[in-house]
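Visitor: what's the 3D shape of this:
(chains A, B and C)
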Amino acid sequence: MGDLGQILVGGITTGSLYALFLLGVLIVFQVSKSINFAYGQVGMIAAFSAWFLYSEQGLPVPLALGVGVLLAVIVNSAIDYAAIRRIPEGRPGLDLVVTLGIFLLITAVMQQLIDANAHTFVSLGADSRAELGGVVVSLNDGIVVGLTVTIIVGAYLLLNRTSLGTSLRASAEDAGIAQAAGVNVRALRTATWAAAGVIAAIVAVLVASRLSVDAFYMTPFLIKAFIAGMIGGLDRFWLPLSVAVALGVYESLTVFILGASAGTPAVFLLIIVVLALVPKRFVNERNEVRA
Amino acid sequence: MSRTATHNTVAPAVRTEGLTVRYGAFQALSDVTVSLPAGQISGLIGPNGAGKTTLLNAISGFTSIAEGSVHVGHADLTALDARRRALAGVVRGFQTVRLLDRESVLTNVLIGTERLPQPSALAQFFGLPSQWRAGRRDTAAAAEVLDLLGLTGQAHRRVDELPFASRRLVEVARVLVSSPSVILLDEPAAGLDQEGRQELAAVLTRVHHNHPSTMVVVEHDVDLVKSLCSYVIALDSGAFLRDGTPAEVFGDRQVQLAYFGRAAGADA
Amino acid sequence: MTGATITRPRRSAQPPATGRGAGARRILTRVAVFAVIAAVPPLLFDDYWVFMSAQVLAFAVATLGLDILYGRTGQMSLAHASFMGVGAYTTYIVSSYGHGPAIQLGAVVVVALLAALVVAVPTLRLSGLRLALVTLAFGELLAWVIRETTDLTGGTQGASVDPIVIGTWDSSEPLHAYLIALVPAAIATLLAAHLGRTQLGRRMLAVRDTELAAESVGVAVARTKITAFLISAVYAGIAGWLYAAIVGFIAPPDFDLFASVYLFVAVVIGGAGTVLGAWLGAAYIVLVPELFTLAGQPNLYPIVGGALLAVVALLVPDGIVGLGRGLWRRVRGARGGQEGSR
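Guide: The predicted structure follows:
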């Protein structure tokens, strides 16, 4: 059982990272009805430049991390301001195409500015381990799960228990009506994209501390988070986030049972099976006909 | 007009029984039972929010029905989705014009030939003889409708370059091109000037004369309804109010109260 | 091509009699222009540029396929290069058993269709966004398969593919490769152009622009999306077959997510929804990185590609072809002319 426990801890930590990352995707989707394909790369900018600043330029680590987060906020807000808001009406799906271009651009620019290699990142407690009931847990695992729970619960309370949250939900429901009711929709939208930038940076830094950092490493995370969002529904809250954690556990379990290389096909199989079996009404985004 | 002989089916009556449609807590239609007489042009009137478009949506399968049923002729269509209802002969136009903006008028009208028997995807892709035959048939049908609506000169223009009135007509042409047996038009004259309205009414009358069909037109303009329709159904607040000949319905006190009372200035 | 009975309106209304002749003349003109351009590389270029031109032919088949899916049906695939990879690796495996081009092509079509069915059928009954995400996962899956089956596919190191040999022609010879690739590229172009004149092609446009109107006339939306995806996958598979034979060496990075994004860049820049745009895109995808390399700045290509995709998609959504058409319409507009079908 010790092995299984270990697997579960690994799965839950990874799943928490998927969930936290997905939270950023969800709030952006709900407020601006668009998908940012470059979202993983926004996080990558934070972690990769932080690494560059402390390791190559000699900045203190906390300062480097702070600059990284700031960069992510600026870039994410800029994506909304310069691109997403300028998408003409009646071209659905263009958000994905445009941010695909930004994805490519960010990747290439970071490769050009820094390099194309993988580098070890500050461990953020990945080395300090403790044994709890036969399962080895690192400080980093604790930080990941703790931060995820704090931020997600915080976001939930903000959205559902404050007047700010009410305004946010109103503008997500119908921006026109919210505007008319005196909500500053533009400011809320900018704030949402900025907050999503912070979340992307946090996740990217945590992932980098567990693996390593380069110009590509966030893409698999992006894919998994999107998959969880797709299965759980991008216009919901708890369900997609739970799916994200479950996906992490599922991945760890398949790796545990079938071997290290089974993760990728297992995830693919899961999506195909889930999409084939789940009733259409459940997984479709709301698009009521009011012809 | 020779082509139409092959599609000359007897137009069926359309009937709804106890139709109820809800959007969340809002009841858009409550227990609506109406009969649209076979082979006639019926007008569907009522103030804004009366449920006219919802009734059209329910008949054409574009909204889910909470209770009740939709019958066309002897067939119960309640369980069919919008596509199957279209294939069964119930074709509708939209109040908000829904066109392929970057395509030509001709392409937009040809979309409507989907209901005619089309060769398999493979036959179409590889251009087999059946595809050529279907293509010629469809182009001829489109040419006929475009001619009828006076759009022939615009056939190769992109629809987003056309004035709004012409776009409306393209929307109507897409519905008419396959000569459906049940035609549902949602405010086809909205945004047209007086002359355009009269022309549209003339065209619809001619279409109806050439291809017997059960036609339902949602319309605000009383004069237009009187000149076009032989039967009128009035709705108010999602409920059935009155039906009969235009003279009967417009003469009804309740209708006058619900309709003219509130919308006297807005109905033109 | 079709006997369009509606006449294309000329400057003034003309009697219908000229309609059929004018349509046939237009098509003949296009075929002639295609033939003249196709004759340029073998007559005027040296071996290296003929080799590059042959690659343009292979990529044209790929971009034509992606254009059918994205440009006409409005569905996003982030695995188009992966389907090229499916074609290329099927070719490699079949040819390593000593089978010739006919069997290779048959196998490529079958495998591409099967892979596309698995991706498309569960996905496309749902919204388009899901296709983009599932294709993303499919790309990962293909990379995994290649990585895990080194004995069969050569793994991450890549594999040398035998050239296509037909009689005395051998695709390791640039000129032969060009001529061999010209045939499928021409057929693919012809079929893609013809598609625009069929109800199948119009269904795709309707699904792209307004699913509600499509349903209202009886179009099967999900089936149309699936059909478009299958056609695009077969196009990609055949492009991979040609690519493997022309270049002679394949490796996973040729078919990864970035390769798929580049194909997207190509289609969007060229002009989504048009055959000409797909060809311009194919030329872009082969020649522009080469030009950057010749200029000593190979790293600029992805930067320029990403920036172009975002900027073109936002500002010139109809790409080069749309830009050209807009100019043409303005020029003709002064004389009261009209612009028509693609």
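
Visitor: burial of residue 238, as a residue count?
Guide: Since you didn't name a chain, this refers to chain A. Counted with other CB atoms under 10 Å in any protein chain shown, the neighbours of residue A:238 add up to 10. No exception for glycine: its C-beta is placed from N, CA and C like everyone else's.

Visitor: Hmm, no, I was thinking of chain C.
Guide: 27.

Visitor: okay, the spatially closest residue to it that is not a sequence neighbour: pLDDT?
Guide: Nearest non-adjacent residue to residue C:238, counting by CB to CB, 6 or more residues apart in numbering or on different chains: residue C:61, 5.4 Å away. You'll see residue C:61 listed with a pLDDT of 97.

Visitor: cool, residue B:86 as well?
Guide: Residue B:86 is assigned 94 on the pLDDT scale.

Visitor: What of residue B:149?
Guide: Residue B:149 is assigned 87 on the pLDDT scale.

Visitor: Does the nearest residue to it once chain neighbours are set aside lie in a helix or a strand, and which?
Guide: Once flanking residues are discounted, residue B:149 sits nearest to residue B:169: 4.9 Å by CB to CB, 6+ apart. Here residue B:169, judged by DSSP states H and E, is contained in helix B:164-176.

Visitor: C-terminal to that helix, what's the next element?
Guide: strand B:182-186.

Visitor: centre of the chain versus that next one, how much separation?
Guide: Strand B:182-186 has its C-alpha centroid displaced from the chain centroid by 2 Å (CA atoms, centre = their mean, to the nearest Å).

Visitor: tell me what it is packed against?
Guide: Other helices and strands packing on strand B:182-186, by 3 or more CB pairs under 8 Å, 6 or more residues apart in numbering or on different chains; DSSP states H and E, are helix B:52-60, strand B:90-92, helix B:164-176, strand B:214-218.

Visitor: sorry, back to before: for the helix holding residue B:169, buried residues please.
Guide: By 16 or more other CB atoms under 10 Å in any protein chain shown, the buried positions in helix B:164-176 come out as B:165-176.

Visitor: now, which of the residues you listed sits nearest residue C:121?
Guide: Comparing those against residue C:121 with CB to CB picks out residue B:174 as the nearest, at 29.4 Å.

Visitor: Tell me who's in contact with that closest one.
Guide: B:93, B:99, B:108-109, B:111-112, C:213, C:217 (CB atoms under 8 Å, 6 or more residues apart in numbering or on different chains).

Visitor: Give me the neighbour count for residue 176.
Guide: The chain I'm using is chain A. Neighbour tally, residue A:176, other CB under 10 Å: 9.

Visitor: actually it's chain C I care about, not the one you picked
Guide: Neighbour tally, residue C:176, other CB under 10 Å: 21.

Visitor: Hmm, it is touching residue C:169, no?
Guide: Yes: counting by CB atoms under 8 Å, residue C:176 touches residue C:169, with 4.3 Å between them.

Visitor: The helix holding residue B:169 - what's its average pLDDT?
Guide: 91.

Visitor: what's the nearest residue to residue A:256 if we skip its chain neighbours?
Guide: The nearest residue in space to residue A:256 (CB to CB, 6+ apart) is residue A:7, at 4.4 Å.

Visitor: three-state assignment of the one you found?
Guide: helix (DSSP: H, G, I helix; E, B strand; the rest coil).

Visitor: these two touch, right, it and residue A:253?
Guide: Yes: using CB under 8 Å as the test, residue A:7 is close enough to residue A:253 to be in contact (6.3 Å).

Visitor: ok, now which ones touch residue 76?
Guide: Looking at chain A here, since you left the chain open. Counted by CB under 8 Å, 6+ apart, residue A:76 has contacts A:36, A:39, A:42, A:193-194, A:196-197, A:200.

Visitor: To clarify, I was referring to chain B.
Guide: Contacts of residue B:76 (CB under 8 Å, 6+ apart): B:69-70.

Visitor: State the pLDDT value of the residue of the stretch 151-268 of chain B found nearest chain A.
Guide: At 7.3 Å from chain A, residue B:186 is the closest residue in the stretch 151-268 of chain B, using CB to the nearest CB. Residue B:186 is assigned a pLDDT of 92 by the prediction.

Visitor: ok, now the one 5 residues further on?
Guide: pLDDT, residue B:191: 80.

Visitor: next one: residue A:279
Guide: On pLDDT, residue A:279 comes in at 67.

Visitor: Ok, residue A:289 next?
Guide: With respect to pLDDT, residue A:289 scores 39.

Visitor: Same question for residue A:140.
Guide: Note for residue A:140: predicted pLDDT of 87.

Visitor: Then residue A:10?
Guide: 89.

Visitor: Give me the secondary structure label for it.
Guide: Put simply, residue A:10 is helix when judged by three-state DSSP.

Visitor: Helices along chain C, start to end?
Guide: Using DSSP state H, the helices of chain C run over C:18-44, C:47-66, C:80-96, C:101-124, C:128-148, C:150-153, C:174-195, C:199-209, C:211-216, C:221-247, C:257-270, C:275-294, C:300-315, C:319-333.

Visitor: Same question for the stretch 1-150 of chain B.
Guide: Assigned by DSSP state H, counting those that start in this stretch, the helices in the stretch 1-150 of chain B fall at B:52-60, B:82-87, B:105-110, B:121-125, B:129-148.

Visitor: What residues of the shortest one count as buried?
Guide: Going back to what we said before, that points to helix B:121-125. Result for helix B:121-125 [16+ other CB under 10 Å]: buried residues B:121, B:123-125.

Visitor: can you check the longest one too?
Guide: Buried residues in helix B:129-148, defined by neighbour count with 16+ other CB under 10 Å: B:131-132, B:134-135, B:137-139, B:141-146, B:148.

Visitor: Report the distance from it to the chain centre.
Guide: 21 Å.

Visitor: Mind giving me the packing neighbours of it?
Guide: With contacts defined as 3+ CB pairs under 8 Å, 6+ apart, helix B:129-148 has these neighbours: helix B:105-110, helix B:121-125, helix B:164-176, helix B:194-210, helix C:199-209.

Visitor: Which one of those has the poorest average confidence?
Guide: helix B:194-210 - the lowest mean pLDDT of the helices and strands packed on helix B:129-148, at a mean of 87.

Visitor: How far does that helix sit from its chain's centre?
Guide: On CA atoms, centre = their mean, the centre of helix B:194-210 falls 13 Å from the chain's centre.

Visitor: cool, stretch A:154-170 as well?
Guide: Going by CA atoms, centre = their mean, where stretch A:154-170 is centred and where its chain is centred differ by 20 Å.

Visitor: What are the buried residues along it?
Guide: Residues of stretch A:154-170 classed as buried by neighbour count (16+ other CB under 10 Å): A:155, A:159, A:167-168, A:170.

Visitor: OK, contacts around residue A:202?
Guide: Per CB under 8 Å, 6+ apart, neighbours of residue A:202: A:20, A:69, A:147, A:151.

Visitor: And the pLDDT at the last one?
Guide: To tie it back to what came earlier, the one meant is residue A:151. At residue A:151, the pLDDT value in this model is 93.
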